[in-house]
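>>> need coordinates for the following:
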Amino acid sequence: MALIHSTKWVFTTVVLFVWITLPAQAQCIKIDSLKRVLGYVKSDTLRVDTYNALAAVTADDNEGLATLYAQKAYQIAEKIQYQKGLAEALFYIGKFDKVKGLEQSIENTKQALKIYREGVKAKRSSTQVDKKELRFIAELNETLGTFYYKAPTENPQENYRKALEYFKPAIDNRLAVGDSAKAADLYDIKGELHSYLNEDEAALEAFQIAETIKSKMGNAKLNNSRILAKYKRIKNLEKQVQSANVTQIIVIFSIVIVVLSTMLIYNIIRKNEAEKIIRSFDLQNPLATDFSEIEGMNPPTQS
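Numbering: from 1, shown residues only. Below you'll find the model as predicted:
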């Protein structure tokens, strides 16, 4: 009996491994195999993993059914306090359940990220975290970033900043596990977000990093190179215009100062000249008491 139970456990584990490794065209085989596993597996932990696997594999064709599988995984995982399975179930519920709306999806995914982070943090004290766990954390962050990036809102700027908060750790995790292609795609998204926020320097830096990664992989696209080159030209033109504007302002301001100074000096000179003329007139022609001295005028007659 123990041998039979052990054989079933091994078979279940193999089926789950095959589900992960089979190509996309084998979807039906995956689904049928996973359903058969549910028929005899006794371990609650494996049942949670199987339901989560079914949620992932059926999502492309039927998100509603995928949500039901994830909810079933969540119920069992919560009952047995299987944190990893709980986090994955919450992730799939948040990703596929369109009925409860975006806010609930974000909340579920945040909760999944929190649970998974705590599990990874506890694990780091004893053993090394494997790449699969880091990839899942990256995917959780990417999902949250995408939620905020695409969410309809009256204040998109705020959502773009929130999206960046999740895309940044996602990039770090992708690079840590060697997912360079995915990291490059995320850098492109990061560049777009910075450009929407008018943070041109940060946007250009992100685009350049993405292009560098793709070039090293031999995956650089001509369109991307052209976009990056155009972005650089625009930035250079902006700098030239800004520099020209500053120079223009300085020149105009200098001219205004010179003109005002010239006018002021001119007025002072004219004023001094006028005062000299007045003083000269007062000294050379003192006010006469004898009106006969003033040409064309007679002294007033006494009545």
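>>> pLDDT below threshold where in the stretch 51-200 of the chain?
Per-residue confidence for the stretch 51-200 of the chain (pLDDT under 70) gives these ranges: 122-129.
>>> could you pull out the helices for it?
Taking DSSP state H, counting those that start in this stretch as the test, the helices found in the stretch 51-200 of the chain are 63-80, 83-96, 102-124, 131-150, 156-176, 180-196, 200-216.
>>> helices or strands up against the shortest one?
Here helix 83-96 is seen to pack against helix 44-58, helix 63-80, helix 102-124, helix 131-150 when contacts are counted using 3 or more Cβ pairs under 8 Å, 6 or more residues apart in numbering; DSSP states H and E. (Glycine included, C-beta is placed from N, CA and C.)
>>> what sits up against stretch 157-167?
Here stretch 157-167 makes contact (Cβ atoms under 8 Å, 6 or more residues apart in numbering) with 141-142, 144-146, 148-149, 151, 153, 186, 189-190, 193-194, 196-197.
>>> could you give me the buried positions within that stretch?
Neighbour counts over stretch 157-167 (16 or more other Cβ atoms under 10 Å) mark 159-160, 162-164, 166-167 as buried.
>>> show me just the buried residues among the contacts of stretch 157-167.
Looks like these have 141-142, 144-146, 148-149, 186, 189-190, 193-194 buried, using 16+ other Cβ under 10 Å.
>>> give me phi/psi at Asp60?
Phi and psi for Asp60, reported as degrees, to the nearest 10, are phi -60, psi -40.
>>> residues near it, how many?
Neighbourhood size, Asp60 [other Cβ atoms under 10 Å]: 10.
>>> buried deepest among the helices of the stretch 51-200 of the chain, which one?
helix 83-96 (a mean of 25; mean count of other Cβ atoms under 10 Å).
>>> and the angle from that helix to helix 44-58?
With axes from the mean of the first three to the mean of the last three Cα atoms, to 10 degrees defining the directions, helix 83-96 sits at 20 degrees from helix 44-58.
>>> circling back: go through the buried residues of stretch 157-167 and name the one nearest Phe136.
The nearest member of the buried residues of stretch 157-167 to Phe136, counting by Cβ to Cβ, is Tyr166 at 14.1 Å.
>>> how close does the closest one get to Glu142?
Distance of Tyr166 to Glu142, computed by Cβ to Cβ, to the nearest Å: 7 Å.
>>> just flag the most distant two among the contacts of stretch 157-167.
Using Cβ to Cβ, the two most remote members of the contacts of stretch 157-167 are Thr153 and Leu186, lying 21.5 Å apart.
>>> for Leu38, what are its contacts?
Contacts for Leu38 (Cβ under 8 Å, 6+ apart) come out as 47, 50-51, 54.
>>> switch to 6 Å and redo it
Leu38 is in contact with Thr50, counting by Cβ atoms under 6 Å, 6 or more residues apart in numbering.
>>> I'm done for today, thanks for sticking with me.
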